[in-house]
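Visitor: Sequence and predicted structure below; questions after.
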Amino acid sequence: MDKNATRYNVQLYIYDLSRGMARNLSPIMLGKQLDGIWHTAIVAYGDEFFFGGEGISSCSPGGTMLGSPDTVVELGETEVSEEIFMDYLSSLGESTYRGDRYRLFEHNCNTFTNEVAQFLTGRSIPSYITDLPSEVLATPFGQILRPILDSIHIAPPGGNVINGGRNV
């Protein structure tokens, strides 16, 4: 790394969409303990970036309806400039991360943040987050719920869509 290059802090914001209910209900419903239903976002360059049913969106950190994150993980620093990062996001938003490509179990906010974290820092997000869909689907109840859950498109209100969203 160039010692004179500008470095930007990169964080992972982690939200429990169940607000603690997964911890209490998962043993009964799934036969195994889940600590949460995770939504994640990358915070860099003074904004929070996330993927949902509307595509890639941004807002001020903690600026969605979800409020403040339950956990903040320091992913490290990046030398990628904001301009290059925004070009990267724009490219992702026109292809891989269009809103119509959102899939709750296979291609979601956590898939996005994991890819972006690797692009910016070379680090992955915690495996307890990326492994959650397969853990749920490995249960009989998860298999029963899959057709219903597959139709859900999560898009936390409060963000500004970076790309054309679902209509791109």
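Guide: Great, that's in hand.

Visitor: quick one, strands of this structure?
Guide: Using DSSP state E, the strands of the chain run over residues 8-16, 38-44, 47-52, 55-59, 71-78, 160-161.

Visitor: got these as JSON lines, with distance to residue 118 columns?
Guide: Using the backbone N, CA and C atoms, a C-beta is placed for each residue, glycine as well. Output for the strands of the chain, formatted as JSON lines (distance: least, CB to CB, whole Å):
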{"stretch": "strand 8-16", "distance to residue 118": "11"}
{"stretch": "strand 38-44", "distance to residue 118": "11"}
{"stretch": "strand 47-52", "distance to residue 118": "14"}
{"stretch": "strand 55-59", "distance to residue 118": "16"}
{"stretch": "strand 71-78", "distance to residue 118": "10"}
{"stretch": "strand 160-161", "distance to residue 118": "23"}
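
Visitor: Which one of these lies nearest to residue 128?
Guide: Closest approach to residue 128 among the strands of the chain (CB to CB): strand 38-44, 8.1 Å.

Visitor: In a markdown table: the strands of the chain, plus mean neighbour count.
Guide: Output for those, formatted as a markdown table (neighbours: other CB atoms under 10 Å):
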| stretch | mean neighbour count |
| --- | --- |
| strand 8-16 | 20 |
| strand 38-44 | 25 |
| strand 47-52 | 25 |
| strand 55-59 | 23 |
| strand 71-78 | 16 |
| strand 160-161 | 15 |
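
Visitor: With distance to residue 90 and mean pLDDT added, can I get those strands in CSV?
Guide: Output for those, formatted as CSV (distance: least, CB to CB, whole Å; pLDDT from 0 to 100):
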stretch, distance to residue 90, mean pLDDT
strand 8-16, 18, 97
strand 38-44, 15, 96
strand 47-52, 12, 95
strand 55-59, 8, 95
strand 71-78, 17, 98
strand 160-161, 12, 68
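
Visitor: quick one: the spatially most central residue of the chain from residue 148, how far?
Guide: Nearest to the geometric centre of the chain sits residue 109, at 2.9 Å (CA atoms, centre = their mean). Residue 109 is 19 Å from residue 148, where distance means CB to CB, to the nearest Å.

Visitor: Check residue 98 too.
Guide: For residue 98 relative to residue 148 (CB to CB), the value is 23 Å.
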